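Asks: Here is a sequence together with a model predicted from it:
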Amino acid sequence: MEYQNLNAEEREAITERLDLVTERIHELAAEPEVCEPFRAYFKGTAAFIVKTEEVLRQVLNDSFCSQSRETLQKINEALYEDILPEHYKESYANPDYACETLGEEYGTLLSMLYAELRSLIPYAYEGDVEAYTCFCELFIQVYTCFNDEEGTTPKEVQQAIYWFFHDYSELFTERSVCEMVDASRDFFTRIVMDSDLQDLKYLYYYGEPIGENEIRMAEYMNQLPQEKIQAMADTYTEGYRIGFVTTGKDLSIKSTVNVEYAIGMERMVRAAIANFEKMGLKPTIYREAFSSFRNRGNSKRGCYATSVNRQFDYDHKADKAVYLDKAFVERRLETLRTVYEDKKELAAGYAGPAVIEVFGETLFEPENKKTACHYSDKQNELNVYYASQAGQITNQYIKGEERSFTIIAYPLPQIGSNFEEIFDKTVELNTLDYTLYRDMQAKIIEVLDQGVRAHIRGKGDNETDMTVELYRLKNPQKETIFENCVADVNIPVGEVFTSPVLTGTHGVLHVSYVYLNGLRYENLKMTFEDGKVVDYSCSNFDSEEENRKYIYDNVLMHHDTLPLGEFAIGTNTTAYRMAKDFDIADKLPILIAEKTGPHFAVGDTCYSQAEDTPVYNPDGKEIVARDNEISILRKEDESKAYFNCHTDITIPYDELDCIYIERADGSTGDIIRDGRFVVPGTEKLNEPLENKTSFPA
């Protein structure tokens, strides 16, 4: 429960704990009573905590927001300065530096602890006294280990961290669920709806690192006419509404929508929230993951800012390894079920996420550090098990067949000097004439529906050679294999997709380079047999072992194999042209990149958790290829049916030779030849590919 909602007795108790622990931390910031090399670590970390405490005290006495923008900016910079790239080499957040100065036995653990203590920043800004106090007490507990006259051991330090996360699993789980389904937890909503957005000091209310991207984005949004802001919001929220309509789901029974956005886009978000409220939906907004408990460093979700140091994120994405075991997983699952049962009415009202992505960050290639935390094989199995079980629990209370989503993307100022032009082009891209695409895609689907399998081949250095088995239609007059994806849940318009039949699907998928979830892959190659990954490689690192682990961790998501969950043909050649014209193909988010060529997704199907809900194309035909041989196992054992991941890998048009179908009688039908669409009636799709002006919105 939030501090302001506690009764007097509860406030007194938690305030007493806070005062006691922070008094001790102030003493350590002055002179910790431990020997070197640990004195500098504890003194510096205590000094950092004191900075966060100053914010917390100001938040609690309502003086924080009354300060000047300059003061708020200095506070923000002071909290994040030591993990900036220029300072990271000598930061305890850097596991290499921690191991060098503290020794390998303790360095990895204490670096993990320091990264975890950075959770104090969001807890301070949100005034969450209980969670804040708990993390301070963890710091003191670990310090006490080193201050013991008999000395300590790495095991004792690890156990202190281990039991902290076991003991407080209920607290952190309850907060994460409520932040998603409970609109009364309105910290972010109040910033968006109540702030003077012309005064950019509001950016510093979040507690996220505020840099040039956030400031320039807010400035740019402020100069746009309200008509354009409203049009952007309308595209976003209407896509969400249409997603319910096209899938036959009842939006009227829902009460909340989870709004996800990049800081700086508040004007659009404010207009969107007003639109959602007209639909009867209140916003829920949660913060991007800031603790290993919430999978910090794995992706940008929720309300987020540009990362100040993506190497820091990468170094600490497996910090949970310090305390992850079977007992922790089972306790967390039990707690998750208990919280959902307690909040089941709120969960039932949750309609799903409405996501605003951003793209254009400086490209990042990670350095693998042996000093960072790494999951063991057993822990990888536990991660997979937890994701599967947690997904099943969540789906019991937030039913897949009743929820939907939408996602849209815009460029960041960091994309380059022509940011404003790219932004305008992206707005145009997001509002392309969906009827034009709908009709051309219907012609492509008409050919695809004749096939029993599809063949996809690369050209030049691209070694792709895939054969994809297709669902066999029983009633072609009323059924279809491929979904005609127009601008609803996935904005912009431009793809047809299906869930392939796994048996018989085989071949090699290859791309010269691709960015997946913000990470670059060079010469990514995956081999499939009967629709499952049997081999994989890339050329990012010097050793084959490192390359395979990179893919295993970040594409296979710790699964030994994954099925081919989707085969799609992207038709948005206008997006492809924009990427070429501005030389930003390597910066496009997967949301747009997947529309710029054929793509294959490893993991769950596009209909995951909602396979039994009928879905229809605009022509009225039911899309019947919603299952595969893996997802259908949900009818026997749901734990075997889902992987809780879905990663799209796109082959760009300029690496593509052909896509054609093979009919049951052995004849063929062409979709693409030499990288160009050849289905009659789709000629307009080739205009942007021929370096001509993109066709109009």
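Replies: Thanks, I have it.

Asks: care to break the chain down by domain?
Replies: Residue ranges for the domains of the chain, per automatic domain parsing: 3-167, 179-192+210-407, 433-663.

Asks: now the helices for the stretch 1-150 of the chain?
Replies: Using DSSP state H, counting those that start in this stretch, the helices found in the stretch 1-150 of the chain span residues 8-30, 38-60, 69-80, 85-88, 95-102, 104-117, 120-126, 129-147.

Asks: worst average pLDDT in those?
Replies: The weakest mean pLDDT among the helices of the stretch 1-150 of the chain belongs to helix 8-30, with a mean of 92.

Asks: which outside residues touch it?
Replies: 1, 3, 6, 42-43, 46-47, 49-50, 53, 129-130, 132-133, 136-137, 139-140, 143 (Cβ atoms under 8 Å, 6 or more residues apart in numbering). In short, each C-beta sits where N, CA and C put it, glycine included.

Asks: repeat that with 10 Å
Replies: Here helix 8-30 makes contact (Cβ atoms under 10 Å, 6 or more residues apart in numbering) with 1, 3-6, 32-34, 39, 42-53, 56-57, 60, 129-130, 132-141, 143-144, 147.

Asks: I'd like to know which of those are buried.
Replies: For the contacts of helix 8-30, a burial check counting by 16 or more other Cβ atoms under 10 Å picks out 3, 6, 32, 34, 42-46, 48-49, 52-53, 56, 60, 129-130, 132-140, 143, 147.

Asks: Surely R626 forms part of a strand?
Replies: No. R626: not assigned to a strand; according to DSSP: H, G, I helix; E, B strand; the rest coil it is coil.

Asks: Please tell me how far the nearest residue to it once chain neighbours are set aside sits from A454.
Replies: Closest residue in space to R626, ignoring its immediate chain neighbours: Y607 at 4.1 Å, by Cβ to Cβ, 6 or more residues apart in numbering. Distance of Y607 to A454, computed by Cβ to Cβ, to the nearest Å: 19 Å.

Asks: try N383
Replies: Using Cβ to Cβ, N383 is found at 34 Å from A454.

Asks: Can you report how many residues lie near the nearest residue to Y202 once chain neighbours are set aside?
Replies: Distances taken as Cβ to Cβ, 6+ apart place S195 nearest to Y202, at 3.7 Å, with adjacent residues excluded. Neighbourhood size, S195 [other Cβ atoms under 10 Å]: 17.

Asks: May I ask you to confirm that S195 is in contact with V269?
Replies: No. Counting by Cβ atoms under 10 Å, S195 stays clear of V269, with 11.2 Å between them.

Asks: Contacts only, for H316.
Replies: 93-95, 111-112, 114-116, 118, 291-292, 296-297, 372-373.

Asks: if we go to 8 Å?
Replies: H316 touches A93, S111, M112, A115, S292, R296, G297, A372, C373, counting by Cβ under 8 Å, 6+ apart.

Asks: re the thing from before, and E687, which of the domains of the chain is closest to it?
Replies: Between E687 and the domains of the chain, the tightest spacing by Cβ to Cβ is seen for domain 433-663, at 7.4 Å.

Asks: Quick one: distance of that closest one to the chain centre.
Replies: Computed by Cα atoms, centre = their mean, to the nearest Å, the chain-centroid distance of domain 433-663 equals 19 Å.

Asks: Show me where the stretch 301-450 of the chain has its helices.
Replies: Under DSSP H, counting those that start in this stretch, the stretch 301-450 of the chain gives helices at 310-315, 326-342, 344-348, 377-397, 419-430, 434-448.

Asks: Counting by contacts, list what the third one packs against.
Replies: When you say that, I think you mean helix 344-348. Contacting helix 344-348 under the criterion 3 or more Cβ pairs under 8 Å, 6 or more residues apart in numbering; DSSP states H and E are the following elements: helix 169-181, helix 377-397.

Asks: Equivalent analysis for the fourth one, please.
Replies: If contacts are counted by 3+ Cβ pairs under 8 Å, 6+ apart, helix 377-397 sits against helix 326-342, helix 344-348.

Asks: Tell me the buried residues in the first one?
Replies: Neighbour counts over helix 326-342 (16+ other Cβ under 10 Å) mark F328, V329, R331, R332, L333, T335, L336, R337, V339, Y340 as buried.

Asks: Likewise for the last one?
Replies: The neighbour-count criterion (16+ other Cβ under 10 Å) identifies L346, A347 as the buried residues of helix 344-348.

Asks: tell me which residues in the helix or strand where H599 lies are buried?
Replies: Here H599, judged by DSSP states H and E, is contained in strand 598-603. For strand 598-603, a neighbour-count test (16+ other Cβ under 10 Å) marks P598, H599, F600, A601, V602, G603 as buried.

Asks: Only alpha carbons, please: show the lowest-mean-pLDDT helix or strand in the chain as CSV.
Replies: The least trusted helix or strand in the chain, going by mean pLDDT, DSSP states H and E, turns out to be helix 590-593, with a mean of 88. What follows is helix 590-593, C-alpha atoms only, in CSV (Å, rounded to 0.1, in the frame of the first residue of the first chain):
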residue,chain,number,x,y,z
ILE,A,590,10.7,-4.4,-35.6
LEU,A,591,7.1,-3.0,-35.7
ILE,A,592,8.1,-1.2,-38.9
ALA,A,593,10.9,-3.4,-40.1
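
Asks: Counting by contacts, list what that helix packs against.
Replies: strand 406-411, strand 501-516, helix 573-582, strand 646-650.

Asks: Can you tell me which of those is most buried?
Replies: Ranked by mean neighbour count, the helices and strands packed on helix 590-593 are led by strand 406-411 with a mean of 24 (mean count of other Cβ atoms under 10 Å).

Asks: tell me how far stretch 430-450 is from the chain's mean position?
Replies: How far stretch 430-450 lies from its chain's middle: 29 Å, per Cα atoms, centre = their mean.

Asks: hmm, I was thinking of stretch 143-153
Replies: So, by Cα atoms, centre = their mean, the centroid of stretch 143-153 is 40 Å from its chain's centroid.

Asks: Sort out which residues of that stretch are buried, please.
Replies: Y143, C145, F146, N147, T152.

Asks: What of stretch 195-210?
Replies: By 16+ other Cβ under 10 Å, the buried positions in stretch 195-210 come out as 195, 197, 200-210.

Asks: Now do that stretch: distance from first to last residue.
Replies: 16 Å (Cα to Cα, to the nearest Å).

Asks: now swap in stretch 314-330 and tell me
Replies: End-to-end distance of stretch 314-330 (Cα to Cα): 26 Å.

Asks: correct me, but the residue nearest to R626 touches S499?
Replies: Yes. Counting by Cβ atoms under 8 Å, Y607 does reach S499; the two are 6.6 Å apart.
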